[in-house]
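>>> fold the following and give me the result.
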Amino acid sequence: MPYATEENLTDLALKQWEGCHSPRLRQIMQSLVKHIHGFARDVELKQDEWLMAVDWLAKTGKLSTEKRQEFILISDVLGLSMLVDAINHRLPEGATPSTVVGPFHIDDSPELPMGANVAEGLAGETTYLVGTVRDLNGKPVEGAKLDIWQADADGLYESQLGSEEPILRAIFHTGADGKYAIRTIAPPGYSIPMDGTVGDLLRKTDISHFRPAHIHFLVAAPGYETLVTHLFKKGAKYIDSDVVFGVKDKLIVEFEKHPAGKTPTGEISSQPFLVVNYDFILSKAKTQSDSQPALSRAAG
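Next up is the predicted model:
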């Protein structure tokens, strides 16, 4: 092997990564080498900047836990998360659009009966989520898993609150009619976490660090594409400037105000409440493996 020079180093690195056992890994690593070398040449990367970046990545790793993924957050604000989502979810017309998972999904949410209150004892405007999980032909999907999570009335998630108990997250399963009804509270718009490495970076810019009011959903059923999506509050602040680029027209919904009285879960409320009515439409999985939930802590 020739000794490395500024001129030949990229070619030498590409040749070295031909040694990957997997053709896919070879493709990925050689493309990464080409692009990251090109980036360093383009900006004439300085030694202290490289060291600063290494330190920043190390700090980002230390911040990441099973309840908070700081690496996902930087991917989100770079637009990479939404790009990967778009590439991997080219869904047929009529299917509910997907969007980013975000940094706060947790795998072991408690399973609750349909109609349960995920916001028991929490302050906030009572909100009912109702609708049907169905396929593109209108057929209800029985046994669909709805994994939901959201911020509290102050815009904070469980990991930010330091709770050992689940907060504002749960898993539900649909019956034969595909219907769901869940009680929660209305989430506000909020700032993404600014107490970590991503916040340090954004404070050096004029970029807005806010997200519009939304609730997260993961909807999965055997034989169907797993859907990771949000429902956004129509008219919410920051709806046109979401820092993670996650808003899509078909995911913007009314949080409709109802007077005191009978609620969608059959309770009698002495206070006004909100109702969000939305049908999740799933597309058939391309293969059996595609029908399984695609989330893990390693991937976010």
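>>> helix, strand or coil: sort out residue 71 for me.
Three-state call for residue 71 (DSSP: H, G, I helix; E, B strand; the rest coil): helix.
>>> let's have the chain start at 59 instead
From this message on, residue numbering opens at 59, which makes the last subject residue 129.
>>> from residue 67, how far off is it?
27 Å (Cβ to Cβ, to the nearest Å). Glycine gets a C-beta too; all of them are placed from N, C-alpha and C.
>>> what's the answer for residue 123, then?
Residue 123 is 37 Å from residue 67, by Cβ to Cβ.
>>> give the contact list for the nearest residue to residue 68 once chain neighbours are set aside.
Counting by Cβ to Cβ, 6 or more residues apart in numbering, residue 95 is the residue found nearest to residue 68 once chain neighbours are left out, at 4.4 Å. Contacts for residue 95 (Cβ atoms under 8 Å, 6 or more residues apart in numbering) come out as 67, 68, 71.
>>> quick one, phi/psi of the residue nearest to the first one when sequence neighbours are not counted?
Translated: residue 67. Leaving aside its chain neighbours, residue 67 sits nearest to residue 95 (7.2 Å; criterion: Cβ to Cβ, 6+ apart). Note on residue 95: backbone dihedrals following degrees, to the nearest 10 are phi -70, psi -40.
>>> who's residue 273 bridged to?
Here residue 273 sits in beta bridges with residue 289, going by DSSP bridges.
>>> report how many residues lie close to it.
25 (other Cβ atoms under 10 Å).
>>> same question, the one 3 residues further on
Using other Cβ under 10 Å, the number of residues around residue 276 comes to 20.
>>> can you pull the phi/psi pair for the residue lying closest to residue 284 once chain neighbours are set aside?
Nearest residue to residue 284, sequence neighbours excluded (Cβ to Cβ, 6+ apart): residue 278, at 4.4 Å. The phi and psi values for residue 278, taken as degrees, to the nearest 10, are phi -140, psi 140.
>>> what's the distance between residue 103 and residue 88?
20 Å.
>>> please read the previous query as pertaining to residue 299.
Computed as Cβ to Cβ, the residue 299 to residue 88 distance reads 37 Å.
>>> repeat that for residue 185.
In terms of Cβ to Cβ, residue 185 sits 49 Å off from residue 88.
>>> ok, residue 117 next?
Distance, residue 117 to residue 88, using Cβ to Cβ: 29 Å.
>>> now do the helices in the chain.
For the chain, applying DSSP state H gives helices covering 67-74, 81-101, 105-121, 128-135, 138-146, 216-219, 255-260.
>>> of all these, which lies closest to residue 165?
Nearest to residue 165, of all those, is helix 216-219, at 12.7 Å by Cβ to Cβ.
>>> tell me the contacts of residue 285?
Applying Cβ under 8 Å, 6+ apart, the residues near residue 285 are 153, 154, 156, 275, 276, 277, 278, 338, 340.
>>> show me what contacts the residue nearest to it when sequence neighbours are not counted?
Nearest non-adjacent residue to residue 285, counting by Cβ to Cβ, 6+ apart: residue 277, 4.4 Å away. By Cβ under 8 Å, 6+ apart, the contact set of residue 277 is 154, 191, 202, 203, 204, 205, 284, 285, 287, 338, 340.
>>> out of these, which sit inside strands?
191, 203, 204, 205, 285, 287, 338, 340 (DSSP state E).
>>> okay if I get the residues you listed as CSV plus pLDDT and distance to residue 254?
Compiled in CSV, those are given as follows (pLDDT from 0 to 100; distance: Cβ to Cβ, whole Å):
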residue, pLDDT, distance to residue 254
191, 98, 35
203, 98, 31
204, 98, 30
205, 98, 25
285, 98, 28
287, 98, 25
338, 98, 32
340, 98, 34
